[in-house]
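J.: the sequence and its predicted three-dimensional model are supplied below.
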Amino acid sequence: MAGKLRPLRIPVNTFPTFRRQLSTTATRFSISSSPQIFHDVPPLRKYRRDLLLSNRTVGLVPTMGALHEGHLSLIRQAAAENTDVFISIYVNPTQFGLNEDLTSYPKTWESDLQLLRTLDEELASSSDNKGRITAVFAPSTTTMYPGYPPDSSIPGTGSFVTITPLSRLLEGASRPVFFRGVATVCMKLFNIATPDRVYFGQKDIQQTAVIKRMVQDFHLGTEVRIGPTAREADGLALSSRNVYLGARRRAVGIVLNQALRKAEAQYLAGKRKRADILWPANEHADNVLLEQDALGPRQRARFEVDYISLADPETMEEIEEVDETKGAVLSGAIKMLPIEESQEGEDLGVGGGRIAVRLIDNIVLEPLKV
Ligand code: AMP
């Protein structure tokens with residue numbers, strides 16, 4: 001990027017002339033092993049302010065940990081566009097409904113840190129002019145919710161950010177407090193880290209729409225950047241929750257991506273009307289469901305389709321016909337139900353097949369170039 005500064009990781013034995021060329025900003029930052037870990041707000045604020053005074057740029061990647069290649073690809077993108085990448089790792093209670101899987105959400109702090117260190121070494125050795133992972137923010141819940149304890153009930157007592165009607169649609173219809181929790185925690189993180197850019201995955205496309213709207217409506221001084229969905233070889237979108245699937249539900253769970261791709265093929269073949277685009281997706285999901293139902297409880301992996309949607313890319317409202325100048329979003333959600341009866345030695349995944357797993361996915365139908 002034009003005008004981008006190199007990250008200030010200065011080897012102790014760097015040739016002296018070169019060190020002088022790096023100007024006084026070099027002395028502001030220690031040669032510590034990257035990244036630094038912050039649990040509290042004031043030290044991170046101070047660190048961020050020093051970066052600002054040195055004309056460095058910060059890209060923030062908010063996560064709930066249990067990192068996988070989807071997160072890492074966002075971090076690489078952030079490192080390509082900023083001198084400093086901040087990662088937040090915080091499992092935010094207010095986005096989980098009272099009946100949802102907050103306690104069972106995977107927490108893998110040590111391996112997450114190891115992944116980040118390895119990725120940072122990769123960034124350091126890269127010949128491109130890239131940024132580095134310089135801060136990991138891992139706050140406690142009392143730090144993030146200093147007033148009232150976090151409340152996940154629908155009436156919800158406390159300070160919240162609500163983005164409606166977007167947050168009531170699709171994922172929000174099934175998870176009524178979800179986007180309120182996401183918008184609230186992101187507002188907090190953005191205020192703490194004051195990032196130049198924030199990075200979100202297309203995997204959670206409605207979340208990206210909510211965040212863009214929040215940034216616009218509250219005049220937040222950050223740029224929202226969206227990274228593509230990282231997938232398994234067969235197309236399954238990577239997700240921290242996939243560890244719960246086990247082999248049987250993993251094999252059937254691809255149904256959602258297959259269904260969306262069938263709908264996408266209709267659009268690419270020139271279809272524009274909702275019914276024409278969506279019917280093969282619904283038919284595919286119905287057929288796979290029938291196939292599974294016909295099997296016995298020791299073989300099958302049953303699921304419920306929550307929605308298969310064709311929506312406007314900004315409002316996420318359902319549309320009857322795709323406007324070629326805007327394109328559209330095909331998205332869906334299914335719930336893989338718990339395994340009914342296991343087989344001897346079967347790979348049931350974390351949780352022994354007892355945890356229902358919600359899978360979401362989407363495909364953007366690109367506008368036609370005029
Ligand atoms: P999470 O830890 O699930 O809250 O996700 C943190 C960020 O990573 C969000 O912006 C997600 O959209 C993004 N993300 C999750 N899965 C993927 C994926 N498979 N590909 C790209 N980004 C992803």
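T.: Arrived safely.
J.: what does the stretch 51-200 of the chain put close to the ligand?
T.: Contact residues (Cβ under 6 Å from any ligand atom) of the stretch 51-200 of the chain with the ligand: 63-64, 70-71, 73-74, 200. All C-beta spots, glycine's among them, are computed from the backbone N, C-alpha and C.
J.: so which of the residues you listed comes closest to the ligand?
T.: residue 70 (2.4 Å; Cβ to the nearest ligand atom).
J.: how deep is the closest one tucked in, by neighbour count?
T.: Using other Cβ atoms under 10 Å, the number of residues around residue 70 comes to 21.
J.: that one - nearest residue in space that isn't next to it in sequence?
T.: Residue nearest to residue 70 in three dimensions, not counting chain neighbours: residue 230, with 3.9 Å by Cβ to Cβ, 6 or more residues apart in numbering.
J.: also residue 227?
T.: In this structure, residue 227 finds its nearest non-sequential neighbour in residue 74, 4.5 Å apart by Cβ to Cβ, 6+ apart.
J.: buried stuff in the host helix or strand of residue 185?
T.: Residue 185 belongs to helix 178-193 when assigned by DSSP states H and E. Residues 178-190, 192-193 are the ones in helix 178-193 that count as buried (16 or more other Cβ atoms under 10 Å).
J.: then stretch 251-265?
T.: If you call a residue buried by 16+ other Cβ under 10 Å, then stretch 251-265 has these buried ones: 252-264.
J.: and stretch 94-112, by the same measure?
T.: So, applying 16+ other Cβ under 10 Å, buried residues of stretch 94-112: 94-97, 100-102, 105-106, 108, 112.
J.: can I get the CA coordinates of it in CSV?
T.: What follows is stretch 94-112, C-alpha atoms only, in CSV (Å, rounded to 0.1, in the frame of the first residue of the first chain):
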residue,chain,number,x,y,z
THR,A,94,-24.8,-11.2,25.2
GLN,A,95,-25.0,-12.7,21.7
PHE,A,96,-26.0,-16.1,23.0
GLY,A,97,-29.7,-16.6,23.9
LEU,A,98,-30.5,-18.1,27.3
ASN,A,99,-31.1,-21.5,25.7
GLU,A,100,-28.0,-21.4,23.4
ASP,A,101,-24.5,-22.9,23.6
LEU,A,102,-22.5,-20.3,25.5
THR,A,103,-21.0,-22.8,28.1
SER,A,104,-20.2,-25.4,25.4
TYR,A,105,-18.6,-22.9,23.0
PRO,A,106,-15.1,-24.2,22.3
LYS,A,107,-12.4,-22.3,24.2
THR,A,108,-8.9,-23.1,23.0
TRP,A,109,-6.7,-20.2,24.3
GLU,A,110,-3.3,-21.9,24.2
SER,A,111,-3.7,-23.3,20.7
ASP,A,112,-5.1,-20.0,19.5
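J.: what about the helix or strand residue 262 falls within, distance to the chain center?
T.: Secondary structure assignment for residue 262, by DSSP H and E: helix 255-268. Here the centre of helix 255-268 is set off from its chain's centre by 22 Å, with Cα atoms, centre = their mean, to the nearest Å.
J.: that one and the ligand in contact?
T.: No: residues of helix 255-268 are not located near the ligand by Cβ under 6 Å from any ligand atom, the shortest gap being 11.3 Å.
J.: any idea of the angle the next helix or strand after that helix forms with helix 255-268?
T.: Downstream of helix 255-268, the first helix or strand assigned by DSSP H and E is helix 274-294. Put simply, helix 274-294 runs at 150 degrees to helix 255-268, going by axes from the mean of the first three to the mean of the last three Cα atoms, to 10 degrees.
J.: which SS class is residue 59?
T.: strand (DSSP: H, G, I helix; E, B strand; the rest coil).
J.: gap between it and residue 313?
T.: 23 Å (Cβ to Cβ, to the nearest Å).
J.: so those two - more neighbours on which side?
T.: residue 59 (28 against 18).
J.: show me the beta-bridge partners of that one.
T.: residue 85, residue 197 (DSSP bridges).
J.: which residues touch it?
T.: Residues in contact with residue 59, defined by Cβ atoms under 8 Å, 6 or more residues apart in numbering, are 77-79, 81-82, 84-86, 131, 195-199, 225.
J.: hmm, 10 Å instead?
T.: Contacts for residue 59 were tallied using Cβ atoms under 10 Å, 6 or more residues apart in numbering; they are 74-75, 77-87, 131, 133, 193, 195-199, 222-223, 225.
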